[in-house]
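A.B. asks: Show me how the following folds:
(2 chains)
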Amino acid sequence: MKEALTTYIKKEILNSPDTQLTDQDDLLGSGLVDSMGLMRIITFIEEEFGITVPPTDMVIEHFMNIEAISNYVAGRQTTDG
Amino acid sequence: MYLLQHSILNSANRYPDNEAFRCGDKALTYKALTAQSYQLAHLLIELGVQRGDRIGIYLNRCLETAVAVYGIMSAGAAFVPLDPSAPPARTQFVIQDCGIKHLISNKNQEKNLKKILTQNLGIKSIISPFGGNDTTVISPFEGGWGEDFTAFCDNLNIRTSIQKKIQKLPHTNPNIRTLEDDLAYIMYTSGTTGTPKGIMHTHRSGLAYAKLSADLYDVQPTDRLGNHAALHFDISTMGYFTMPYASGTTVIIPDIHTKLPASMAQLIVKERLTIWYSVPLALTQLLQPGIVDKCDFSAIRWVLYGGEPFPVKHLRTLIEVIPNACFSNVYGPAEVNQCTYYHFSNLSEKDTTIPLGKVWGNTEILIYNENNEPVKTNETGELLVRSATQMKGYWGRPDLTEKGFYKRQRIDGCEEVFYRTGDLVKMCEQGNLHFLGRKDRQVKIRGHRVELDEVEAVLTAHEAVGEVAVFAIKNEDEAHIKAVVNLKKDIEESTLKSYLVTLLPGYAIPNHIKFVDEIPRTTAGKIDYKTLKL
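C.D. replies: Numbers count the residues shown, from 1 in each chain, chains lettered A, B, ... in the order given. Predicted structure coming up:
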């Protein structure tokens, strides 16, 4: 799951598939991803992993890096399923 | 009081322990801000900075920006905010256009800085505002650079380690002889020919704005403003100039919170904000389901918004969510900062648009037709503004400055200089100004100014592109930029977009590029934008 996410972010959001991006890299605070980019990531995870992301879940704790997003998605998959 | 930095000195004398700026869990009192600004100023002076020099601030939303702004001005120089999310080519242009030799930045920007320093731009030093030994700082800064970055800069003869000296420099006012007519800051905005232009503001125009807005909104030392805008956007002047003038607190909303509405809502409540100022989008984000359900926004007494019109249906919902606030529609091109206001606490069924309202103090307007004659009530004309808050001109562009101003001599020997806004307005019988659109090809995307001609110029410059037409489609909520391209050589839409990303800010990129065999033209030979928009 992390791999699909990492690939998507590098290709579609950063527009450079060859960038180095770790699970812990700060996506939001560092300016790597802007608000439009975040919306697109959310759409991607909803479609790709079959979950819904309510606006109340759009908090720092769930989206700050790939590790956090991945944990959040896994959590949602168990509740939605 | 005639310089912007007199505000923090004054506030430090009267309310030394009031929080001047807060970001996250760190804050600076007026006493600490003044001391650290002066230390930075002394360092800049030691580096050879002269009155009138331009110093770049390359920072995202953080506490260091406050020290950077006041430190640079205290050295007699002008600050130039640089947007870390702008493509490197754009930042490189501004650095060279402005003759910037020193940058204020921090560790978070090391990656971005490396991307900018790929060519010799004449930068001599990059400084991170460093916490002094002043114990009134609530949390010390984490200053300093990584070893990697220091080595990178050493190779380019750019000094970074100089800042270790900051802690030992005096906390006293360097007292550089600066006049109110001298440059305080330059903000760059979209130009029509493909390169941005720098709007020059003086201490006079900055302080005039601070005084007028502090007065209009009755700002108190107990007020806490939520500052959403980044420094390179003129909406940030309320946080950086007005609040310090009134000795209030500016809460800098961190970048992360601007992207996550649920977190931002929690922050607004936690910080007990009393005033909010942002583009409409920042507020409408809060209206998504569930976000404000458990939030108590009753402390907010003013909600200011600007940059573009607010969709009325969202305003209605917002009014219910922030029950104690008076709303203020703030209008003013960056060239004059603010010039009108319209206050309201509720909306009737009949209200479909919000007027620009009344002209504020120390400001005069004209509504002129194409022949530079005043129009009658309810007639449409171009808005011209003369204000204490207006810019000095465009940096290095006397041609654009000349075109941008209208000069009038009603009294012999006294020239009155008006700025041509390019906005079409009318005055109604109630004495309110109403916005009717643009005279030209400028649009607002999420509050940011975009010259459609700039986007065309950048596209045309690509070797695969023959002819281009760029236009905007507006629906109720927002505008979208579309491009129609006639190619000389085959290319993918994604490749062309990647090219644009290197030169234009994200909001200026067309969301769709259509390839056509021919661009429709009118009988006069001009691009037929009307047909394209269908």
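
A.B. asks: Return the residues in contact with whatever residue of chain A ends up closest to chain B.
C.D. replies: Using C-beta to the nearest C-beta, the single residue of chain A nearest to chain B is A:Pro55, 3.6 Å away. (Glycine included, C-beta is placed from N, CA and C.) Applying C-beta atoms under 8 Å, 6 or more residues apart in numbering or on different chains to A:Pro55 gives the contacts B:261-262, B:288-291.

A.B. asks: 10 Å instead?
C.D. replies: Applying C-beta atoms under 10 Å, 6 or more residues apart in numbering or on different chains, we find A:Pro55 in contact with A:42, B:260-262, B:265, B:285-292.

A.B. asks: Who's the closest spatial neighbour of it, skipping the chain neighbours?
C.D. replies: Spatial nearest neighbour of A:Pro55, chain neighbours left out: B:Gln288 (3.6 Å); criterion: C-beta to C-beta, 6 or more residues apart in numbering or on different chains.

A.B. asks: how many other residues sit next to the one you found?
C.D. replies: Other residues within reach of B:Gln288, judged by other C-beta atoms under 10 Å in any protein chain shown, total 15.

A.B. asks: try the one 3 residues further on
C.D. replies: Applying other C-beta under 10 Å, we find 22 other residues in the vicinity of B:Ile291.

A.B. asks: before we move on, could you check phi and psi at it?
C.D. replies: With angles defined as degrees, to the nearest 10, B:Ile291 sits at phi -60, psi -40.

A.B. asks: go on, B:Phe327?
C.D. replies: phi -100, psi 150.

A.B. asks: Any regions of the chain where pLDDT drops low?
C.D. replies: No chain was given, so I picked chain A. Chain A contains residues with pLDDT under 70 at A:15-16, A:30-31, A:80-81.

A.B. asks: that's the other chain; I wanted chain B
C.D. replies: Those would be B:130-144, B:161-164, if you go by pLDDT under 70 across chain B.

A.B. asks: Let's see that with 80 instead.
C.D. replies: B:129-144, B:161-168, B:193-194, B:476-477, B:524-525, B:534 (pLDDT under 80).

A.B. asks: who in chain A is up against chain B?
C.D. replies: Residues of chain A lying near chain B by C-beta under 10 Å from any C-beta of the partner chain: A:12, A:14-16, A:26-39, A:54-64.

A.B. asks: those helices in the stretch 351-500 of chain B, which residues are they?
C.D. replies: B:398-404, B:452-460, B:493-501 (DSSP state H, counting those that start in this stretch).

A.B. asks: highest average neighbour count across those helices?
C.D. replies: For those, the largest average neighbour count (mean count of other C-beta atoms under 10 Å in any protein chain shown) is found in helix B:452-460, namely a mean of 21.

A.B. asks: now that one against helix B:493-501, angle please.
C.D. replies: 120 degrees (axes from the mean of the first three to the mean of the last three C-alpha atoms, to 10 degrees).

A.B. asks: Any buried residues in stretch A:61-80, and which?
C.D. replies: A:62-66, A:68-70, A:72-73, A:76 (16 or more other C-beta atoms under 10 Å in any protein chain shown).

A.B. asks: could I get these as TSV with secondary structure?
C.D. replies: Conversion of those to TSV gives the following (DSSP: H, G, I helix; E, B strand; the rest coil):
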residue	secondary structure
A:His62	helix
A:Phe63	helix
A:Met64	coil
A:Asn65	coil
A:Ile66	helix
A:Ala68	helix
A:Ile69	helix
A:Ser70	helix
A:Tyr72	helix
A:Val73	helix
A:Arg76	helix
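
A.B. asks: one step back: mind checking which of the residues of chain A next to chain B are in helices?
C.D. replies: Taking DSSP state H as the definition of helices, those contribute A:35-39, A:60-63.

A.B. asks: Do I have it right that B:Ala479 meets B:Gly437?
C.D. replies: No - the pair B:Ala479 and B:Gly437 does not pass the contact test of C-beta atoms under 10 Å, sitting 11.7 Å apart.

A.B. asks: Tell me which of the two has more neighbours.
C.D. replies: B:Ala479 (14 against 10).

A.B. asks: Next up, the contacts around the more buried one.
C.D. replies: Applying C-beta under 10 Å, 6+ apart, the residues near B:Ala479 are B:308, B:443-446, B:450, B:472-473.

A.B. asks: Looking at strand pairing, list the partners for it.
C.D. replies: B:Lys474 (DSSP bridges).

A.B. asks: And the one 4 residues further on, by the same measure?
C.D. replies: Counting by DSSP bridges, B:Ala483 forms beta bridges with B:Val470, B:Ile513.

A.B. asks: gap between it and B:Lys514?
C.D. replies: 7 Å (C-beta to C-beta, to the nearest Å).

A.B. asks: These two: which has the busier surroundings?
C.D. replies: Higher neighbour count among B:Ala483 and B:Lys514: B:Ala483, with 25 against 12, using other C-beta under 10 Å.

A.B. asks: Please report how far the more buried one lies from B:Glu456.
C.D. replies: 8 Å.

A.B. asks: can you list the residues of the stretch 201-350 of chain B near chain A?
C.D. replies: For the stretch 201-350 of chain B, the contact set with chain A under C-beta under 10 Å from any C-beta comprises B:254-267, B:281-282, B:285-294.

A.B. asks: change it to 6 Å
C.D. replies: B:255-256, B:259-260, B:262-263, B:288-291 (C-beta under 6 Å from any C-beta of the partner chain).

A.B. asks: Can you pick out the most distant pair from those residues?
C.D. replies: B:Asp255 and B:Pro289 (24.0 Å; C-beta to C-beta).

A.B. asks: For those two, work out which one has more neighbours and name it.
C.D. replies: Taking other C-beta under 10 Å, B:Asp255 and B:Pro289 do not tie; B:Asp255 has more neighbours (21 against 9).

A.B. asks: Now do the contacts for that one.
C.D. replies: B:Asp255 makes contacts with A:29, B:60-61, as judged by C-beta atoms under 6 Å, 6 or more residues apart in numbering or on different chains.

A.B. asks: Geometric centre of chain B: which residue is closest?
C.D. replies: B:Phe233 (1.0 Å; C-alpha atoms, centre = their mean).

A.B. asks: Check the gap between that one and B:Thr258 for me.
C.D. replies: Distance of B:Phe233 to B:Thr258, computed by C-beta to C-beta: 12 Å.

A.B. asks: filter the residues of chain A next to chain B to the buried ones?
C.D. replies: Among the residues of chain A next to chain B, the ones that count as buried by 16+ other C-beta under 10 Å are A:14, A:27-35, A:37-38, A:55-60, A:62-64.

A.B. asks: Please tell me I have it right and A:Ile13 contacts A:Met36.
C.D. replies: No - between A:Ile13 and A:Met36 there is no contact under C-beta atoms under 6 Å: 9.0 Å.

A.B. asks: ok and the residue in the stretch 101-250 of chain B nearest chain A?
C.D. replies: Taking C-beta to the nearest C-beta, the stretch 101-250 of chain B has B:Asn108 as its residue nearest chain A, at 6.2 Å.

A.B. asks: That residue - how many residues pack around it?
C.D. replies: Neighbour count of B:Asn108, defined by other C-beta under 10 Å: 20.

A.B. asks: try B:Glu415
C.D. replies: Count around B:Glu415 with other C-beta under 10 Å applied: 9.

A.B. asks: can you list the residues of chain B near chain A?
C.D. replies: So chain B meets chain A at B:60, B:84-85, B:255-256, B:259-260, B:262-263, B:288-291, B:498, B:501 (C-beta under 6 Å from any C-beta).

A.B. asks: and B:Arg521, backbone torsions?
C.D. replies: Residue torsions, per degrees, to the nearest 10, at B:Arg521 are phi -130, psi 160.
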